[in-house]
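[1] fold the following for me, if possible:
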Amino acid sequence: MRLISHRGNTEGKCLMENMPSLAEFAMYLGFEVELDFWYTKGNFYTGHDEPIYKVEEEWLLKYKDELWCHGKNVLALQRLHKLGLNTFAHMEDPFVVTTHGHVISHPYANWKPDTIVMLPERSKSKQGLKKAMGVCSDHIAYYKEYYSGKNI
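    Below is the predicted model:
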């Protein structure tokens, strides 16, 4: 089961989302992390609506096995892919495929087995969620408990 922190959040949205240090903390807790990436003026940045936090290429390579890179502009997609990172882009597509061949499903799409379910907390139903390959959530600590079989 892939447990992916959405923008570094682990127990709900926070003001520090997409901050590299928050992502590092989520990785320290054992989660993979989805971050929003921009490439502009010769540098990588994270940030949802705009580039905010500068990220060095060395940082990306250090954490390349834990990162799910949401390219927010074409240059980010191209450069992240060239570095071998797991990269994707989407708008309102029901499903997208990452450069590493993983299928990510939109929160409102009908989930299929062997997909990464994006933000399942936005759906009314959890039916079929245990058959997913993984989840990407702002509340990923909850899903760690959910998949462990503990009563929550």
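[2] so for A132, what's the pLDDT?
    A132 carries a pLDDT value of 88.
[3] could you check how many residues crowd around it?
    20 (other Cβ atoms under 10 Å). C-beta here means a position set from N, CA and C on the backbone, and glycine is covered the same way.
[4] spatially central residue in the chain, please.
    Per Cα atoms, centre = their mean, the C-alpha nearest to the average position across the chain is that of E34, at 2.1 Å.
[5] what's in contact with stretch 38-52?
    Stretch 38-52 has contacts (Cβ atoms under 8 Å, 6 or more residues apart in numbering) with 7, 17-20, 23, 35-37, 53-57, 60, 72-73, 75-76, 78-80.
[6] got it, and stretch 83-92?
    Here stretch 83-92 makes contact (Cβ under 8 Å, 6+ apart) with 57, 60-61, 64, 67-72, 77, 80-81, 96-100, 102, 104, 106.
[7] tell me the buried residues within these.
    60, 67-72, 77, 80-81, 96, 98-99, 102, 104, 106 (16 or more other Cβ atoms under 10 Å).
[8] got the CA coordinates for the top strand by length along the chain in CSV?
    If you go by DSSP state E, the chain has its longest strand at strand 32-40. This file holds the C-alpha atoms of strand 32-40, laid out as CSV (Å, rounded to 0.1, in the frame of the first residue of the first chain):
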residue,chain,number,x,y,z
GLU,A,32,5.8,9.3,0.2
VAL,A,33,5.0,12.9,-0.7
GLU,A,34,3.2,14.6,-3.6
LEU,A,35,4.4,18.2,-4.2
ASP,A,36,3.5,20.8,-6.8
PHE,A,37,6.5,21.9,-8.8
TRP,A,38,7.2,24.8,-11.1
TYR,A,39,10.3,25.5,-13.2
THR,A,40,11.0,29.2,-13.8
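[9] cheers, nothing more for now.
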